[in-house]
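Novice: Next one to model:
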Amino acid sequence: HCLNCCLLLTKDFVIEGMGLKFKTDNDYCRETAQVSLAYLWMELGNPLLSLQIAKQVLSSKPLVSSDGQKCLLSVRRRATIRMYASEAMCMLGKAEDALTFLLGDELD
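Specialist: Numbering: from 1, shown residues only. Model (predicted):
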């Protein structure tokens, strides 16, 4: 419940004073909450919700810092969410599809 609330809050409010220099601090918080929520749904035995969240994260562009460089934490979170998506596909009996998540794409 708390992670869902976090996701809702990041859509409407600006978080100040965190010292982050990304496009928006909300993007940083949202991505972190989404990865945590995907893990939670996996542990609760709901791979479909975990996969849905993973696809949301992977469909967005990686976060970049103010100097235009990819954010290392975002790259790491995207690698983690790929692993969760792959595990979810395996839980759903789709091992071949799981491999596509692990391979990544040009965005990562």
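
Novice: where does the protein have its least confident helix or strand?
Specialist: Of all helical and strand segments in the chain, the minimum by mean pLDDT, DSSP states H and E falls on helix 2-12, at a mean of 59.

Novice: just for this structure, where's the confidence low?
Specialist: For the chain, applying pLDDT under 70 flags the ranges 1-25, 105-108.

Novice: can you do 90?
Specialist: 1-34, 36-37, 40, 60-75, 96, 100-108 (pLDDT under 90).

Novice: those helices in it, which residues are they?
Specialist: Counting by DSSP state H, the chain has helices at residues 2-12, 25-43, 47-59, 72-91, 95-103.

Novice: relative to helix 72-91, how tilted is the last one?
Specialist: By that I understand helix 95-103. 170 degrees (axes from the mean of the first three to the mean of the last three C-alpha atoms, to 10 degrees).

Novice: Quick check: buried residues in helix 95-103?
Specialist: Buried positions in helix 95-103, judged by neighbour count with 16 or more other C-beta atoms under 10 Å: 98, 101. Every residue, glycine included, has its C-beta placed from N, CA and C.

Novice: Centre of the chain to that helix, how far?
Specialist: 17 Å (C-alpha atoms, centre = their mean, to the nearest Å).
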